[in-house]
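Engineer: this is a predicted model, with the sequence first.
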Amino acid sequence: MGGWAIAVHGGAGVDPNLPLDRQEQAKQLLTRCLNLGISALRSDLPAIDVVELVVRELETDPFFNSGRGSALNENGRVEMEASIMDGPKRRCGAVSGLSTVKNPISLARLVMDKSPHSYLAFSGAESFARQQGVELVDNDYFITEENVGMLKLAKEANTILFDYRIPLGMESCAAGVESPLQMNGLPISIYAPETVGCVVVDNQGRCAAATSTGGLMNKMTGRIGDSPLIGAGTYACDLCGVSCTGEGEAIIRGTLAREVAAVMEYKGLGLQDAVDFVIRNRLDDGKAGLIAVSNKGEVACGFNCCGMFRGSATEDGFMEVEIWNQ
Amino acid sequence: MGWAIALHGGAGDIPLSLPQERRQPREAALRHCLQIGVEALKANKPPLDVVELVVRELENIPVFNAGKGSVLTSSGTVEMEACIMDGTKRCGAVSGLTTVVNPISLARLVMENTPHIYLAFDGAEAFAREQGVETVDSSNFITQENIERLKQAKEANRVQIDYTQPIQKDVKEEKPEADGGLVNKMVGRIGDTPIIGAGTYANNLCAVSATGKGEAIIRSTAARDVAALMEFKGVSLKEAAAYVVEEGTPKGNVGLVAVSATGEVTMSFNTTGMFRACATEDGYWEIGIWPSDVQK
């Protein structure tokens, strides 16, 4: 009972044939981010500051699909989105359609702290960023050569690619799911989305959650996914903090992040039971994963696809970085 | 059992002294839209068609804040949002529309004709043109009354939420909303209306549409919480709605209308008033603005 806890993720749905060096790279990045969060927690930073700090780091590293390294839309540009929520008063901020803001999560935090609103998008969000003086970069900064190649492949296949690192035709992590896969009732190619997120409870029992993403490769311009939506990709309250990743449309429909809190609140389940219940019962056919912490210092994760980039640690010395099913 | 329908035209600090010339057209609009919905239900139209039909009508009527009559951003522009969802949890949403005559119909097209759920701003406008929906110059949505309200809001230097706020309606398992947002809102602001679980939610148990202060509704996931209480606590529609409005959200912020799969209907709010109307198959109907014990 009590004590801090932290979990991070870099997306659910991993290519089972992901080369070992890439696996190692992912684990090193997750470990580095976890350690960053742990140091901050040991310095008594509030949970909301810790989730922002950790997600900034994940955004800045090009490995995962957020900030630098974001997936490209149909026009070859990035449109990033993010949201953050502070459990104690359920304050929240969200942004969508960012193309020049270096750290979307920090702009989401500013929407929460410095605007009368909860959610700003596209040119209005970019104007707010300039007004707030956050660091801006050219759109090219976010675009990696690897992603340009993947967009080309996706366009040739005329499909929306969930995971830009999985070559077309390769059996995806969603193996076992009938093909062609469907999203929102329409066919898509491979399921294996990526997003980054962090959830934290500090040693005063305050929970917070943050999620950031570049969205889907070859997505339509203007598409909004689950990551910026409070209750879908991100949620925090007095009881817990939750960050989701996966098939955005299934997460939105399942109001997945809020569900973990709702079954704790209304059904009286513990954290891990709540996570298991939600993954089992609330996703319909969708594929997704989530990380969660409770105000008691517990940490939990769950996913129904093959693998999720994740790491977690608690004050009593537990620390784990994993990709595959346990 | 049987059909049920509820719709609203926004909740907020609606003064009891609302002048007759402002009250009358709004009550007439509520009655007119309820009538359209009831007739469509009697003609056995599917609920998804009925909600779209009724919200289109509400959007076309300038007295409510949706479609024509949408309130203005701090730049004097219109940015409309809408959301539609059915009992199988299929859903579609749009934000940042500036030329689409009926945002609710575009939300339905996002649901049915894209692999996504939610499109916004330029991408949503491009999708609208691709789908061939009716568009007009943005100036057509702007009413003199809303120009005045923006002027007042700017003079007071605040974001205004008032009694002709959003609009939505609900039938059976489906629930759509369409909303122009807050007076003097920042450009790019997204409210609760297009967010599944916040302003809008439907599943196999119920359908809910919330209205009021968007930021409060977002953080309380008001619409989903009505359904979650029914699902996880086994309470009735009325109890669930009352809990969300009385315990789950701060006073003065939220109103909602909801129907259950068993044909019940409820309309709750913790604001001064809510423009609302409902009817059920057994002949019950109600059109109101203030709490029934206050209303003349």
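Structural biologist: Yep, it's here.
Engineer: now stretch B:207-222, how far from the centre of its chain.
Structural biologist: Averaging C-alpha positions (CA atoms, centre = their mean, to the nearest Å) puts stretch B:207-222 10 Å from its chain's average.
Engineer: so does that stretch get close to chain A?
Structural biologist: Yes: Stretch B:207-222 reaches chain A (CB under 8 Å from any CB of the partner chain) through B:Gly214, B:Glu215, B:Ile218, B:Arg219, B:Ser220, B:Thr221. To be clear about C-beta, it is placed using only N, CA and C from the backbone, and glycine gets the same treatment.
Engineer: residues contacting the fifth one?
Structural biologist: Just to be clear, that refers to B:Ser220. A:Arg90, B:Val244, B:Gly248, B:Thr249, B:Val254 (CB atoms under 8 Å, 6 or more residues apart in numbering or on different chains).
Engineer: okay, those residues in a markdown table with distance to B:Ser209 next?
Structural biologist: Converted to a markdown table, the contacts of B:Ser220 look like this (distance: CB to CB, whole Å):
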| residue | distance to B:Ser209 |
| --- | --- |
| A:Arg90 | 21 |
| B:Val244 | 12 |
| B:Gly248 | 16 |
| B:Thr249 | 14 |
| B:Val254 | 11 |
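Engineer: which residues are in contact with B:Val235?
Structural biologist: B:Leu229, B:Tyr243.
Engineer: any idea how far it lies from B:Asp13?
Structural biologist: Note on B:Val235: its distance to B:Asp13, by CB to CB, to the nearest Å, is 29 Å.
Engineer: compare the residues of stretch B:207-222 next to chain A and tell me which is most surrounded.
Structural biologist: B:Thr221 (34 neighbours; other CB atoms under 10 Å in any protein chain shown).
Engineer: that one and A:Ala232 touch, don't they?
Structural biologist: No: if you go by CB atoms under 8 Å, B:Thr221 and A:Ala232 don't touch, sitting 9.3 Å apart.
Engineer: overlap of the contact sets of these two?
Structural biologist: Listed as contacting both B:Thr221 and A:Ala232 by CB under 8 Å, 6+ apart are A:Thr255, A:Arg258, B:Gly197.
Engineer: poorly predicted segments of the stretch 101-250 of chain A, please.
Structural biologist: Applying pLDDT under 70 to the stretch 101-250 of chain A flags the ranges A:157-193.
Engineer: name the residues of it found near chain B, please.
Structural biologist: A:115-128, A:160, A:183-188, A:219-225, A:229-232, A:235, A:248-249.
Engineer: mark which of those residues are buried, thanks.
Structural biologist: Burial by neighbour count, 16 or more other CB atoms under 10 Å in any protein chain shown: within those this picks out A:115, A:117-122, A:124-126, A:128, A:160, A:183-184, A:188, A:219-225, A:229-232, A:235, A:248-249.
Engineer: looking at those residues, which are in helices?
Structural biologist: A:Phe122, A:Gly124, A:Ala125, A:Glu126, A:Phe128, A:Gly248, A:Glu249 (DSSP state H).
Engineer: with distance to A:Leu72 added, can I get the residues you listed in JSON lines?
Structural biologist: Shown next, in JSON lines, are these (distance: CB to CB, whole Å):
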{"residue": "A:Phe122", "distance to A:Leu72": "17"}
{"residue": "A:Gly124", "distance to A:Leu72": "22"}
{"residue": "A:Ala125", "distance to A:Leu72": "19"}
{"residue": "A:Glu126", "distance to A:Leu72": "18"}
{"residue": "A:Phe128", "distance to A:Leu72": "24"}
{"residue": "A:Gly248", "distance to A:Leu72": "16"}
{"residue": "A:Glu249", "distance to A:Leu72": "19"}
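Engineer: which members of these are the farthest-apart pair?
Structural biologist: A:Phe128 and A:Glu249 (27.2 Å; CB to CB).
Engineer: which of the helices and strands in chain B ranks last by mean pLDDT?
Structural biologist: Lowest by mean pLDDT, DSSP states H and E among the helices and strands of chain B is strand B:167-171, with a mean of 35.
Engineer: can I get the CA coordinates of stretch B:95-102 in CSV?
Structural biologist: Below are the C-alpha coordinates for stretch B:95-102, written out as CSV (Å, rounded to 0.1, in the frame of the first residue of the first chain):
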residue,chain,number,x,y,z
SER,B,95,-15.0,19.1,-35.7
GLY,B,96,-13.9,22.5,-37.2
LEU,B,97,-16.5,22.6,-40.0
THR,B,98,-16.9,26.0,-41.6
THR,B,99,-19.0,25.4,-44.8
VAL,B,100,-21.0,22.1,-44.2
VAL,B,101,-24.7,22.9,-44.0
ASN,B,102,-25.5,19.8,-41.9
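Engineer: can you list contacts of it?
Structural biologist: Counting by CB under 8 Å, 6+ apart, A:121-122, A:222, A:224, B:55-56, B:59-60, B:67-68, B:77-82, B:94, B:103, B:106, B:118-122, B:124-125, B:128, B:133-138, B:178, B:188, B:190, B:194 sit against stretch B:95-102.
Engineer: in chain B, what residue sits furthest out from the centroid?
Structural biologist: The centre of chain B is farthest from one residue, B:Glu155, which by CA atoms, centre = their mean lies 27.7 Å away.
Engineer: low-confidence ranges, chain B, go.
Structural biologist: In chain B (pLDDT under 70), the answer is B:157-181, B:295-296.
Engineer: which bits of the stretch 151-296 of chain B sit near chain A?
Structural biologist: By CB under 8 Å from any CB, the residues of the stretch 151-296 of chain B that approach chain A are B:159, B:185-191, B:195-198, B:201, B:214-215, B:218-221, B:224-225, B:228-229, B:232-233.
Engineer: can I get the buried part of these as one ChimeraX selection?
Structural biologist: Filtering these down to the buried ones (16+ other CB under 10 Å) takes a single ChimeraX command:
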select /B:159,185,186,187,188,189,190,191,195,196,197,198,201,214,215,218,219,220,221,224,225,228,229,232
